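Trainee: no sequence on this one, just coordinates:
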């Protein structure tokens, strides 16, 4: 089948859907199609925010881009759409939202389906046409763009690539392929999974921690120097560390880095050592692995002692030396794990990578500088953020801006 449209949007995810809404609101007479490879639009959107859809964060603004990588080059996007502006836009579409105690905005219903329904119903009301189950095989351009799928060809004067990333492939995530070739091809950064569990070198201490959770401060270390530090709940698994604080650090990990987990961030190492000295007397008749009684969960305490190479748990607390107590205190303040990778795209919430901005994308319109009437939005662009609504905010904001140009 052959179809003719004024504009075709490849990708029916967060950025593609709001791009279609924006295009039709800005120009009601425009013929707009959304071409989606999955059997329905918004499949990944339904899983975001643990099914609640964290649409933005109160901290998002042009003056506060430290939660992103690569966002400085598109500062104009955030100048137009900070969190307040995006929330206002959604309110005009019919979606009401509220923030939790950490500034993360969710729909009032706390259901991701509310966000998808508002976008989908607005598209339908405005006359956007959906074509699902249409995986794009190629894109070419002569006078018009020709978007080819296995069964169809879509011709359009303008084209938007809102193709997303390969994160969460079970939910329909796919990698950006440089659909335009030759002189029209764009420089891209390879996709890498982020916001995912960090795989670490297994050891006896980690194995004993499997399944446990602890509030901690986690630092990403590069040659023993802290690159970034996050606080939150850490989940210990047999070969990886998980939790939002670890996910955020995964944006910055490089080969050879390590994670240092401070189990007691509000107590100094010296204070902890003095407490352990007192516990040596308090619990003198107990076995050595009870030296952290009242401070740490038993299995976590045992892991800290193993990391400190304090052996012989059958000994009594009274038998622990001052040197061993110093090592135990140091260990609890800095459990060290060598990073060897991550758990891949299957477990990733997002990705690094995509079309590079510099010299290729107009920072105001998001139009390609190489191909006229071609636009990019969302995860197709090499910008990524931490957990907390930052990536969805970028997807929605860029989708709106790209849609206004169609």
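Mentor: Sure, I can see it. Computed from a predicted structure; not experimentally measured. Residues are numbered from 1 along each chain as shown.

Trainee: Where in the protein is the helix or strand with the lowest mean pLDDT?
Mentor: Every helix and strand in the chain was compared by mean pLDDT, DSSP states H and E; the lowest is helix 48-51, with a mean of 83.

Trainee: how far out from the middle of the chain is that helix?
Mentor: With CA atoms, centre = their mean, to the nearest Å as the basis, helix 48-51 stands 12 Å off its chain's centre.

Trainee: Listing partners with orientation, what would you give for the following helix or strand past it?
Mentor: Using DSSP states H and E, the helix or strand that follows helix 48-51 in sequence is strand 56-57. Strands adjacent to strand 56-57 in the sheet, as given by DSSP bridges, are strand 104-107 (antiparallel).

Trainee: Give the other helices and strands that the least confident helix or strand of the chain contacts.
Mentor: helix 112-126 (3 or more CB pairs under 8 Å, 6 or more residues apart in numbering; DSSP states H and E). Bear in mind the C-beta positions are built from the backbone N, C-alpha and C, glycine included.

Trainee: Buried residues, the helix it packs on. List them.
Mentor: For helix 112-126, a neighbour-count test (16 or more other CB atoms under 10 Å) marks 112, 113, 114, 115, 116, 117, 118, 119, 120, 122, 123, 126 as buried.

Trainee: and of the residues you listed, the nearest to residue 236?
Mentor: Nearest to residue 236 among the buried residues of helix 112-126, counting by CB to CB, is residue 112 at 28.6 Å.

Trainee: Pull up the gap between the closest one and residue 42, please.
Mentor: Separation of residue 112 from residue 42 (CB to CB, to the nearest Å): 9 Å.

Trainee: May I have the beta-bridge partners of residue 341?
Mentor: Legend: beta-bridge partners of residue 341 under DSSP bridges are residue 199.

Trainee: show me what contacts residue 32?
Mentor: 5, 6, 7, 8, 9, 20, 23, 24, 127, 128, 129, 406 (CB atoms under 8 Å, 6 or more residues apart in numbering).

Trainee: Quick check: residue 123 vs residue 5, distance?
Mentor: Plainly put, residue 123 is 14 Å away from residue 5 if you go by CB to CB.

Trainee: How about residue 370?
Mentor: 22 Å.

Trainee: who has more neighbours, those two?
Mentor: Regarding residue 370 and residue 5, a neighbour count based on other CB atoms under 10 Å identifies residue 5 as having more, with 22 against 16.

Trainee: I figured that one was touching residue 155, is that so?
Mentor: Yes - look at residue 5 against residue 155 with CB atoms under 8 Å: they come within range, at 7.1 Å.

Trainee: Provide the backbone phi and psi angles at residue 207.
Mentor: Backbone torsions of residue 207, given as degrees, to the nearest 10, read phi -60, psi -40.

Trainee: now, the most widely separated pair of the buried residues of helix 112-126?
Mentor: 112 and 126 (21.6 Å).

Trainee: Off-centre distance for stretch 289-300?
Mentor: For stretch 289-300, the distance to the chain centre is 34 Å (CA atoms, centre = their mean).

Trainee: which residues touch the nearest residue to residue 1 once chain neighbours are set aside?
Mentor: Using CB to CB, 6 or more residues apart in numbering and skipping residues adjacent in sequence, the residue nearest residue 1 is residue 152, 4.7 Å away. Taking CB under 8 Å, 6+ apart, we find residue 152 in contact with 1, 2, 3, 131, 134.

Trainee: Residue 230 too?
Mentor: By CB under 8 Å, 6+ apart, the neighbours of residue 230 are 217, 218, 244, 245, 246, 248, 249.

Trainee: can you do 7 Å?
Mentor: Neighbouring residues of residue 230 by CB atoms under 7 Å, 6 or more residues apart in numbering: 218, 245, 248, 249.
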